[in-house]
Each structure stands twice: as structure tokens, then as C-alpha cells.
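Undergrad: Could you look at this predicted model? Sequence included:
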Amino acid sequence: MTSALRDRKAALRSLLLAARRSLPADVRAAEAAALAAHVAALDVAPGQTVCAFLPVGSEPGDASWLDGLRCRVLLPVVTGASPLDWAEHTGAAGLAPAAWGLLEPTGTRLGASAIAGASLVLVPALAVSVDGVRLGKGQGHYDRSLPLVTAPLVAVVRDCEVLDEVPAEPHDVRMNGVLTPSAGLRWL
Ligand SMILES: Nc1nc2c(c(=O)[nH]1)N(C=O)[C@@H](CNc1ccc(C(=O)N[C@@H](CCC(=O)O)C(=O)O)cc1)CN2
Ligand SMILES: Nc1ncnc2c1ncn2[C@@H]1O[C@H](COP(=O)(O)OP(=O)(O)OP(=O)(O)O)[C@@H](O)[C@H]1O
């Protein structure tokens, strides 16, 4: 893949992260409440599994959206330059601090293939294009994990982070939907 494409991704990441970090706390709190309401309205049955994530840093949303998922929720565990591992979310007491300010679940590691059993995967992203190309943090964790998934992939971003175009590399797995604070879930 050309370094020009990598450079465009890196430049776009910097712009988006700077914009995210400039958002005031009251805006973030309102977005988190809106996203929690949208997540609670998702069509997920109690017996199903959702792979979700706990927002960190300037990402939209907060831990409260996990409470609205009345089903089995798996959270990612980083294990190096490999697909993400997964463990069940059992509440705040079952979380421990990890790299980059993340909180990760401390329960039994279910293995990278656990994501294949999900009915829905909520994916962190810095941006997503209208044709489903996702820009992540640039470490390839989700890129390595998402080829294992057949369920719908939904990127969670701010409304202004749904872009006409995001640079795409062959390994980038397309999103099926996008969840934003103002518009809720939209299928792409
Ligand atoms: N919430 C969340 N969990 C996740 C991811 C993610 O992107 N978001 N990951 C996706 O692969 C993996 C962890 N990878 C990460 C890699 C870098 C940073 C990071 O750069 N953090 C910045 C703050 C970013 C921000 O403000 O949004 C930092 O600590 O400065 C975070 C997570 C698995 N869990
Ligand atoms: N399936 C894969 N197997 C091995 N390496 C991969 C795979 N997918 C992506 N990578 C590598 O991971 C690195 C980051 O890729 P990319 O810039 O697309 O990350 P991203 O989608 O922004 O981040 P992330 O997936 O961590 O959220 C690149 O060096 C890429 O070559």
C-alpha cells in the first residue's frame, strides 16, 4: 500500500483527534446521554451477544451505554499485534485499568474467535465514510478482528465524523451502519 495513503490516514487522524479534544465537557455529556438512549433502543434480544467497547479519552459516549444493552456484552482485551481477545462485561468491579487509559474486563478470556458469535459489533472509530470505510486509531487491532465477523458492524462516531470519503486500504473492513448522537443508528 502506498505511503501516500498512509500519510492521508495519519493526517486525517490528527485533524479528527484535535477536533475531538477541543469539545467541551457539557457537549460530551449530552452526546453520551443521547448515545446511551440509542444503544438502549437497539434491536438486541437478551440471549444474544454484542461486542461493544468502553469509550476512552475523547471518544463519543461513556460507560453508561453498556447498561442499556440487556444482553451478553463482550469487551475487547488488547494482546499485542494480533486480533483482539474478548471477555464478558460484568460491571464496574470486573474492569481494570490498561494501556491508553482503557478499562478492560478481568474475567475469563474467551479468545479472538469470540467475536464470531456476536449478533452485533459496535466498533470504535475516528470517522466513517458514507460507503462504510472506517478510520481507527491506526494500530490494526480491529482490522485484524473484523474479518472474523458475519454480524452487522456499526461504527460509533460523532455526526460530523461521517465523511464523504475516508482513505481505504485493502484490509479495511467496511461498516454496515453508523451510530451517532443526533441521528442514532443508520444503515449504510
Ligand atoms: N474505547 C476503545 N477501546 C478499544 C479501542 C479503541 O479504539 N477504543 N481499540 C482499538 O483498536 C483497542 C485499544 N487501542 C487503543 C489504541 C490507542 C488509543 C489512544 O490513542 N488513546 C488516546 C486517546 C484517544 C482519544 O482521545 O480518542 C490517548 O491515550 O492519548 C486507545 C485505544 C481496543 N479497545
Ligand atoms: N488483517 C490484518 N493483518 C495484519 N495487519 C493488519 C491487518 N489489518 C491492518 N493491519 C495493519 O495494521 C496497521 C494499522 O492499519 P490501519 O491504519 O488501517 O488501522 P485502523 O483501522 O485505523 O485502526 P484499528 O483497526 O486499530 O482501529 C497497518 O500497519 C496495517 O497494515
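TA: All right, it came through fine. Numbering: from 1, shown residues only. Ligands and ions are numbered 1, 2, ... in the order given.
Undergrad: Return the residues of this protein in contact with ligand 1.
TA: 20, 53-59, 76, 78, 84, 100-102, 124, 136-137, 139, 141-142 (Cβ under 6 Å from any ligand atom). Any C-beta I mention is one placed from the backbone N, CA and C, and that applies to glycine too.
Undergrad: are any of those buried, and which?
TA: 20, 53-55, 58-59, 76, 84, 102, 124, 136-137, 141-142 (16 or more other Cβ atoms under 10 Å).
Undergrad: show me where this structure has helices.
TA: Along the chain, counting by DSSP state H, helices occupy 3-21, 25-40, 64-67, 141-145.
Undergrad: possible to save these as TSV with distance to residue 106 and mean pLDDT?
TA: Formatted as TSV, the helices of the chain follow (distance: least, Cβ to Cβ, whole Å; pLDDT from 0 to 100):
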stretch	distance to residue 106	mean pLDDT
helix 3-21	28	96
helix 25-40	23	97
helix 64-67	15	94
helix 141-145	19	96
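Undergrad: which one of those lies closest to residue 131?
TA: helix 3-21 (15.6 Å; Cβ to Cβ).
Undergrad: Is there proximity between that closest one and ligand 2?
TA: Yes. Counting by Cβ under 6 Å from any ligand atom, contacts between helix 3-21 and ligand 2 involve residue 9.
Undergrad: Dump the C-alpha coordinates for that helix into CSV.
TA: C-alpha atoms of helix 3-21 as CSV (Å, rounded to 0.1, in the frame of the first residue of the first chain):
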residue,chain,number,x,y,z
SER,A,3,2.8,5.6,1.8
ALA,A,4,0.8,8.5,0.4
LEU,A,5,-2.4,6.7,1.5
ARG,A,6,-0.9,6.0,4.9
ASP,A,7,0.0,9.7,5.2
ARG,A,8,-3.5,10.7,4.3
LYS,A,9,-4.9,8.5,7.0
ALA,A,10,-2.4,9.9,9.5
ALA,A,11,-3.2,13.5,8.7
LEU,A,12,-7.0,12.8,8.9
ARG,A,13,-6.5,11.1,12.3
SER,A,14,-4.6,14.2,13.6
LEU,A,15,-7.3,16.5,12.4
LEU,A,16,-10.1,14.4,13.9
LEU,A,17,-8.4,13.9,17.2
ALA,A,18,-7.7,17.6,17.6
ALA,A,19,-11.4,18.4,16.9
ARG,A,20,-12.4,15.7,19.4
ARG,A,21,-10.1,17.0,22.1
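Undergrad: Now do it against helix 25-40, angle only.
TA: If you take axes from the mean of the first three to the mean of the last three Cα atoms, to 10 degrees, helix 3-21 sits at 110 degrees to helix 25-40.
Undergrad: just to revisit the earlier point, compare the helices of the chain and give me the one nearest residue 176.
TA: With Cβ to Cβ, the closest approach to residue 176 among the helices of the chain belongs to helix 141-145: 14.1 Å.
Undergrad: any idea how far ligand 2 is from residue 136?
TA: 2 Å (Cβ to the nearest ligand atom, to the nearest Å).
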